[in-house]
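# let me see the structure of the following:
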Amino acid sequence: MTRNADADFWDRARRHLVRYGGVFAPLIIERAAGSFVYDAEGRKILDFTSGQMSAILGHGHPEIAAVAAHHVAHLDHLFSGMLSRPVVDLASELARLAPGALERSMLLTTGAEANEAALRMAKLATGGWEVVSFAQSWHGMTAGAASATYSAGRKGYGPAPVGSFAIPAPNAYRPTFERDGIPDWQTELDYAFALVDRQSTGNLAAFLAEPILSSGGIIALPPGYLAALKRKCTERGMLLILDEAQTGIGRTGLMFACERDGVVPDILTLSKTLGAGLPLAAVVTTAEIEDLCHERGFLFYTTHVSDPLPAAVGLKVLEIVQRDGLVARAEQAGARLAAGLRALQERFACIGDVRGHGLLQGVEIVADRHTKRSAPELGDAITRRCLDLGLSMNIVQLPGMGGVFRIAPPLTASDAEIDLGVDILRRAIESSV
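Presented below is the predicted three-dimensional model:
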């Protein structure tokens, strides 16, 4: 592509695109394959975020391409009142794989849409309307999901629905409550719910949570926390909704991250990883909850509910993940990635913390390890340098935290690609500090 064509591209982008958050990377992506994307100059860039934390099978997986091509030609979209075999087959497979008695699914498009449906279901089933989530959460940009999103986007849009409550997430690196120098998440949780109880009108419907808060800075809920949270919900007649948009389908070394704690939510939402980059989401719940909601007239009728094409893709994603042992692979590759990142932590004082599970890791950049003071300029500089060197990285900057790199390579990434990413990060830090 000529320089004039590139200039025209950016001119039209500035004139015709709505800017929806952050800034666009200063390059034009022409194609993607495996763990890499390629820009207009043919430069190869290692994708350490799996696109938007979604492409767990890498880009352009041939089996996914074949399924999508077949269904585009033969069975792509239907009237929402019609059913097809891919939809029932995927719902059946999710029922087989999901923990506990989660056996009924609704297939949608995005994580926000799935969370929206889950919240409506919880409100209808409980008769309540108050929703609690973490103060560092991200659950989507539609009305209900956005009201439970606190990491960004709260200002300038008018009031959130009445009954939206937030509690702090248990951050082991920056604990609010400590006992004998050890983070005390139980006291923090008890205190937080005491405040919720004081504010509630007695109409608590649900707690919406991620097992690992991704946009919140890769904050993994500590062992025992989910079980304690489930007890808090049960005591109050609330439903526990777990949003596994990024942690589901093997990413953390388990098929579902909630299995680490042996906790079964009342409603499980899946998206991102279920479609491996294509728009597919699911709400999975129990027969008891679904029956109750149906009796009360549950309505969530959308244009793309139960579409056959994305359902067929999701079914193939689950087949590949299981057949190729990618859950175990995520655990093994994640251990390799974490070891490489910890080696960098020993070498560079600007790395304050390394955390996460499997192939969802976080690296927190700080100005000073003792004070844990944030260093946003340094984090941005490292991000830019990584891209210059051929590594796509994403950093989130949140109040009260350092910049946190969210690292999520595809489950199909090779050891050599994992090592390459760590090495490029090393070189980027060396040239930025």
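
# going by C-alpha atoms from here, please, whenever you check contacts or count neighbours.
Will do.

# list of residues touching stretch 317-324?
With contact meaning CA atoms under 8 Å, 6 or more residues apart in numbering, stretch 317-324 is reached by 57, 64, 249, 250, 274, 275, 276, 326, 327.

# list the buried ones in that stretch?
317, 318, 321 (16 or more other CA atoms under 10 Å).

# pLDDT score for residue 1?
pLDDT recorded at residue 1 is 48.

# where do the helices sit along the stretch 251-400 of the chain?
Applying DSSP state H, counting those that start in this stretch to the stretch 251-400 of the chain gives helices spanning 287-295, 308-323, 326-347, 376-389.

# re earlier: same list (the buried residues of stretch 317-324) but as CSV, adding pLDDT.
Shown next, in CSV, are the buried residues of stretch 317-324 (pLDDT from 0 to 100):
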residue, pLDDT
317, 98
318, 98
321, 98
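
# follow-up on the earlier one: in the contacts of stretch 317-324, find the pair that's most separated.
64 and 327 (18.0 Å; CA to CA).

# got the angle for the biggest strand by length in the chain vs helix 326-347?
Ranked by number of residues, the top strand in the chain under DSSP state E is strand 360-368. Relative orientation of strand 360-368 versus helix 326-347 (axes from the mean of the first three to the mean of the last three CA atoms, to 10 degrees): 10 degrees.

# where does pLDDT dip in the stretch 201-350 of the chain?
Residues of the stretch 201-350 of the chain that meet the criterion pLDDT under 70 are absent altogether.

# number of residues surrounding residue 237?
17 (other CA atoms under 10 Å).

# where do the helices sit along the stretch 51-200 of the chain?
Using DSSP H, counting those that start in this stretch, the helices found in the stretch 51-200 of the chain span residues 62-74, 85-97, 111-126, 143-147, 185-199.

# just the buried positions in the second one, please.
The one in question is helix 85-97. Neighbour-count burial for helix 85-97 flags 86, 87, 88, 90, 91, 94, 95 (criterion: 16+ other CA under 10 Å).

# who touches the residue nearest the centre of the chain in this structure?
Closest residue to the average C-alpha location of the chain: residue 246 at 2.9 Å, with CA atoms, centre = their mean. By CA under 8 Å, 6+ apart, residue 246 lies in contact with 53, 54, 214, 271, 272, 273.

# so can I have JSON lines of these showing neighbour count and distance to residue 306?
Shown next, in JSON lines, are those (neighbours: other CA atoms under 10 Å; distance: CA to CA, whole Å):
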{"residue": "53", "neighbour count": "25", "distance to residue 306": "23"}
{"residue": "54", "neighbour count": "25", "distance to residue 306": "20"}
{"residue": "214", "neighbour count": "26", "distance to residue 306": "28"}
{"residue": "271", "neighbour count": "32", "distance to residue 306": "14"}
{"residue": "272", "neighbour count": "28", "distance to residue 306": "16"}
{"residue": "273", "neighbour count": "30", "distance to residue 306": "18"}
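
# just the closest of those to residue 287, please.
Nearest to residue 287 among the contacts of residue 246: residue 271, at 20.9 Å, using CA to CA.

# against residue 386, how distant is that closest one?
According to CA to CA, to the nearest Å, residue 271 stands 28 Å off from residue 386.

# please identify the most buried of the helices of the stretch 251-400 of the chain.
Of all those, helix 308-323 carries the top mean neighbour count, a mean of 22, counting by mean count of other CA atoms under 10 Å.
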